[in-house]
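Enquirer: When you get a sec, could you give me coordinates for this:
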Amino acid sequence: MVRQALVALLEMEDDITVVAQAASGDEAVAMAHRYQPDVALLDIEMPGSDGLEVARRLGKEGFAGKIVIVTTFGRPGYLAAAMAAGASGFLLKDAPAAELAKAIRRVHAGERVVDPALAAAALAEGASPLTPRETEVLAAARGHAAISDLAASLHLSQGTVRNHLSAAIQKLGARNRAEAVQIAERKGWL
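Expert: Here you go, the predicted model:
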């Protein structure tokens, strides 16, 4: 419903034409390659590959258009991840439709567009203190798997998994790994 509402609102703009819609991340990649839109509008939360993964894939696969991420999740870590993935815009879904259309035009013109409140929050928050490996181990721990299961799935020793989890817990000021996962998710680092 949200996708269809966005399409209807954008179609009301004289200078914007929606050339395709995708119901999943994988479909979005295929549609982007097939239709070569000037601007691809992606949601962070998409079935299959999420919007950040789609942006990364499109960048690696030579997509020439610009990417704008829209989301209900105004988390500073998501903003950083979106920009690192090659997005030129990052907006919250609750922005007025006129703002979205304006942002699409600006991105099409070569500008970067970021929700101002989210940009300020991202600057205040700073970057994730976790190393890439700590992030990987903490993400794998989301399912509350046993250390032995985590180690096997990550092809690491149990001691290495414990060390990475301990470091992540300490860096995030958490009491345990479940709380560390919650903190990292809330900040958009996972």
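Enquirer: So which elements touch the longest helix seen in the chain?
Expert: Looking across the chain with DSSP state H, the single longest helix is helix 158-172. Under the contact definition 3 or more Cβ pairs under 8 Å, 6 or more residues apart in numbering; DSSP states H and E, helix 158-172 sits against helix 132-140, helix 147-154, helix 177-186. All C-beta spots, glycine's among them, are computed from the backbone N, C-alpha and C.
Enquirer: ok and the last one relative to helix 158-172, angle-wise?
Expert: Same thing as helix 177-186. 60 degrees (axes from the mean of the first three to the mean of the last three Cα atoms, to 10 degrees).
Enquirer: what residues does helix 177-186 touch?
Expert: 75, 77, 128, 130, 135, 138, 141-142, 144, 165, 168-169, 172-174, 190 (Cβ atoms under 8 Å, 6 or more residues apart in numbering).
Enquirer: For residue 64, the count of nearby residues, please.
Expert: Other residues within reach of residue 64, judged by other Cβ atoms under 10 Å, total 9.
Enquirer: what kind of secondary structure is it in?
Expert: Under DSSP: H, G, I helix; E, B strand; the rest coil, residue 64 falls in the coil class.
Enquirer: what's near enough to touch it?
Expert: Here residue 64 is in contact with residue 36 (criterion: Cβ under 8 Å, 6+ apart).
Enquirer: what are the phi and psi angles of it?
Expert: Phi and psi for residue 64, reported as degrees, to the nearest 10, are phi -90, psi -10.
Enquirer: The one helix or strand in the chain whose mean pLDDT sits lowest - contacts with which helices or strands?
Expert: Least confident helix or strand of the chain, by mean pLDDT, DSSP states H and E, is helix 116-125 with a mean of 74. With contacts defined as 3+ Cβ pairs under 8 Å, 6+ apart, helix 116-125 has these neighbours: helix 76-84.
Enquirer: Give the ChimeraX command for selecting the buried subset of the contacts of helix 177-186.
Expert: Buried members of these, defined by 16 or more other Cβ atoms under 10 Å, are picked up in ChimeraX with:
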select :75,77,128,130,135,138,141,165,168,169,172,174,190
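Enquirer: Which single one of the contacts of helix 177-186 is nearest to residue 115?
Expert: The closest of the contacts of helix 177-186 to residue 115 turns out to be residue 75 (Cβ to Cβ; 11.4 Å).
Enquirer: I'd assumed residue 187 was in contact with that closest one.
Expert: Yes - with contact defined as Cβ atoms under 8 Å, residue 75 reaches residue 187; the gap is 6.1 Å.
Enquirer: re the thing from before, quick one: closest of the helices and strands packed on helix 158-172 to residue 35.
Expert: It's helix 132-140; of the helices and strands packed on helix 158-172, that one is closest to residue 35 (Cβ to Cβ) at 32.5 Å.
Enquirer: which stretches of this protein have low pLDDT?
Expert: Within the chain, the segments meeting pLDDT under 70 span 1, 124, 126.
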